[in-house]
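**Q** Below are the sequence and a predicted model; questions follow.
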Amino acid sequence: MQKIRVLVVDDHTIVRDGICSLLALVSDIEVVGEASDGKEAVRKVRQLAPDVVLMDIAMPIINGLEATRRIRKEFPHTKVLALTQYDDREQIFSMIEAGARGFITKVAASSELAVGIRAVYRGECFLSPSVAKALVEEYQQRATSSARDEPYQQLTDREKEVLRLTAEGYTVREIADILDISPKTVEGYKTSLMAKLDLHRKADLIKYAIRKGLVSF
């Protein structure tokens with residue numbers, strides 16, 4: 001059986017020893033080397049050609065982020081599985097951009113460590129549950145922030161009604177009758193919503209409403 005060749009990179013000897021001891025119990029994984037900083041990690045990858053690099057992020061000389069960039073550029077077939085102490089969202093996104101295929105916490109069980117290594121070796125991605133939770137929360141926060149910045153969300157409920165009815169082809173007087181308000185008030189809402197959306201023609205309003213799924217033709 002061909003074993004998955006792994007390089008363990010961490011600046012703490014006790015952490016490396018613990019990981020190596022755990023992986024020694026896994027029949028299809030072989031630790032072929034260790035490194036204590038990013039510079040040594042790049043050198044060891046050149047020497048040992050591991051399949052997977054378990055990469056700590058915060059290290060001296062060259063950190064895990066830069067080491068990952070260099071390894072992925074020089075050895076695109078070598079997979080990097082990041083080791084993280086904390087669920088730092090910015091670190092996670094930075095390592096993904098650098099080329100890491102997954103993240104695993106240093107407190108992960110040996111079974112999770114082995115599963116992660118096998119996954120990235122096969123070309124898949126792997127995230128520890130706590131890391132996945134942090135990413136989901138970050139995405140939701142960004143999505144919420146983006147929604148608040150969307151011009152449509154700045155419209156009042158009545159302005160949205162006027163937009164929809166205008167796009168459906170109703171005249172100002174017809175909209176006034178439907179909403180039980182005066183034509184002058186409808187004109188006011190219309191002027192306001194067009195300013196907020198930065199649209200200046202009825203045709204543009206119709207196109208915008210169709211894009212937003214408010215009407216269909």
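**A** That came through fine. Numbering: from 1, shown residues only.

**Q** going forward, measure contacts and count neighbours with C-alpha atoms only.
**A** Fine.

**Q** Quick check: which helices or strands does whatever helix or strand Phe93 lives in pack against?
**A** If you go by DSSP states H and E, Phe93 is part of helix 89-98. Other elements packing on helix 89-98 under the criterion 3 or more Cα pairs under 8 Å, 6 or more residues apart in numbering; DSSP states H and E are helix 64-74, helix 129-149.

**Q** ok, which stretches of this protein are strands?
**A** 4-9, 29-35, 52-56, 79-84, 102-105, 126-127 (DSSP state E).

**Q** How about residues contacting the fifth one?
**A** Same thing as strand 102-105. The contact list for strand 102-105, computed with Cα atoms under 8 Å, 6 or more residues apart in numbering, reads 80-86, 92, 96, 113, 116, 120, 125-128, 131.

**Q** If we use 7 Å, what do you get?
**A** Here strand 102-105 makes contact (Cα atoms under 7 Å, 6 or more residues apart in numbering) with 81-85, 120, 125-128, 131.

**Q** List buried members of those by neighbour count.
**A** 81-84, 120, 125-128, 131 (16 or more other Cα atoms under 10 Å).

**Q** Just checking: the least confident one among those is which?
**A** Of all these, Val131 has the smallest pLDDT value, namely 70.

**Q** From Glu34, how far off is it?
**A** Val131 sits 24 Å away from Glu34, going by Cα to Cα, to the nearest Å.

**Q** cool, Ala24 as well?
**A** 13 Å.

**Q** Now do the domain split for the chain, please.
**A** 4-134, 151-211 (automatic domain parsing).

**Q** which of these sits most buried?
**A** Comparing those by mean neighbour count (mean count of other Cα atoms under 10 Å), domain 4-134 comes out on top with a mean of 19.

**Q** Distance from that one to the middle of the chain?
**A** Between the mean C-alpha location of domain 4-134 and the chain-wide mean there is a distance of 19 Å, by Cα atoms, centre = their mean, to the nearest Å.

**Q** Check stretch 179-195 too.
**A** Here the centre of stretch 179-195 is set off from its chain's centre by 41 Å, with Cα atoms, centre = their mean.

**Q** Quick one: mean pLDDT for it?
**A** On average, stretch 179-195 scores 90.

**Q** How about stretch 95-114?
**A** Mean predicted lDDT for stretch 95-114 stands at 81.
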